[in-house]
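*Asks:* Turn this into a structure:
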Amino acid sequence: MFSIYILTYNEEIDIADCIESALLSDDIVVVDSFSSDRTVKIARRYPVRVEQHRFESHGKQRTWMLRSIPTQYEWVYILEADERMTPELFEECQQVIQKNEAGLQDDIVGYYVAERVIFMDRWIRRSTQYPRYQLRLFRKDKVWFDDYGHTEREVCDGKTGFLKETYPHYTSGKGLSRWIEKHNRYSTDEAVETLRQLQYGNVRWQDLFFGRSEVERRRALKDLSLRLPFRPLVRFIYMYFFLGGLLDGRAGFAWCTLQAFYEYLILLKVDELQRQGQIPPPPQPSSSGEEEEASVTVQTPSGGSSSQA
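*Replies:* Sure, this is the predicted structure:
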């Protein structure tokens, strides 16, 4: 068995379905950022624990959660309210934990799981770079999170692997107005991160062309994309034509258009920050308290491994 964390903020629309999908576990913790709607009230109808902590950032919230909220089990899984656990994924999680505890998985401390983006009631398979992996299942004493743009990046003290099963991610379940509002906030953080990367970062060319995992290649591609001219247009062409978004139908066209708009919003805010003379500080040390990040060894689906920071 493993514990499941569910992160929430004003998720009254999704929280019931999310919890019900996670009830395969007997230890569920809802970590709420002081929602102003009925999220907490709905969650407390179920056999789960509810903890509240004021939100600072995605990385800090996750690291606080892992360090401050006890769980029954060493292995934990992170769900967001617009995501769902599936019976098939739950079973595979149990299997890999059992193999790990039996010494058959080469001391792997975490597993990446691919998301299936559901947008306008359709799986956007092609233009979302499927399979796109996120770290979801891991040993809570071996992982912490740092902030990156509007989101977070994991730091793992050990090897990681990949699961075959996937999870659905309902990105527009609360309506397009909520999606646009959320990405307006995200674009502000991404603009700051763009300036930070241009000032202090670089492109990891080796990972871009020879990365041993999708995670390494995707992150190197993002670092490159920050330096490309006409980013919104390039992103639309890349997603719609090269990735095959035109085969995702009307929903695919809408998805690619919104992503190009999101890129344009980031660029406008980057220009605004530059005109205001704002230069972001260099990246901070890892939130674990260590001066240097632990190395992450990623086990590829074919059995090889590679290291990433």
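
*Asks:* List the buried residues of stretch 188-195.
*Replies:* Using 16 or more other Cβ atoms under 10 Å as the test for burial, stretch 188-195 gives Thr188, Asp189, Glu190, Ala191, Val192, Glu193, Thr194, Leu195. C-beta: built from backbone N, CA, C; applies to glycine.

*Asks:* Show me where this structure has its helices.
*Replies:* Using DSSP state H, the helices of the chain run over 15-22, 39-43, 58-68, 87-101, 176-200, 205-210, 214-225, 231-237, 249-275.

*Asks:* would JSON lines of these with distance to Pro168 and mean pLDDT be doable?
*Replies:* Shown next, in JSON lines, are those (distance: least, Cβ to Cβ, whole Å; pLDDT from 0 to 100):
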{"stretch": "helix 15-22", "distance to Pro168": "9", "mean pLDDT": "98"}
{"stretch": "helix 39-43", "distance to Pro168": "20", "mean pLDDT": "98"}
{"stretch": "helix 58-68", "distance to Pro168": "20", "mean pLDDT": "96"}
{"stretch": "helix 87-101", "distance to Pro168": "10", "mean pLDDT": "96"}
{"stretch": "helix 176-200", "distance to Pro168": "16", "mean pLDDT": "92"}
{"stretch": "helix 205-210", "distance to Pro168": "29", "mean pLDDT": "89"}
{"stretch": "helix 214-225", "distance to Pro168": "19", "mean pLDDT": "87"}
{"stretch": "helix 231-237", "distance to Pro168": "24", "mean pLDDT": "95"}
{"stretch": "helix 249-275", "distance to Pro168": "14", "mean pLDDT": "96"}
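
*Asks:* out of those helices, nearest to Trp123?
*Replies:* helix 249-275 (8.8 Å; Cβ to Cβ).

*Asks:* Tell me the buried residues in the closest one?
*Replies:* 251-252, 254-256, 258-267, 269-270, 273.

*Asks:* How about residues contacting stretch 184-202?
*Replies:* 148-151, 223, 226-227, 262, 265-267, 269-270, 272-274, 278-283 (Cβ atoms under 8 Å, 6 or more residues apart in numbering).

*Asks:* Mind doing that once more with 6 Å?
*Replies:* Gly149, His150, Leu226, Leu265, Ile266, Lys269, Val270, Leu273, Pro280, Pro282 (Cβ atoms under 6 Å, 6 or more residues apart in numbering).

*Asks:* go on, stretch 12-25?
*Replies:* The contact list for stretch 12-25, computed with Cβ under 6 Å, 6+ apart, reads 4, 6, 8, 28, 37-39, 42-43, 46, 81-82, 84-85, 90, 173-174.

*Asks:* got a list of what Arg132 touches?
*Replies:* Arg132 is in contact with Glu115, counting by Cβ under 6 Å, 6+ apart.

*Asks:* mind starting the numbering at 811 from now?
*Replies:* In the new count, where the first residue is 811, that last one comes out as Arg942.
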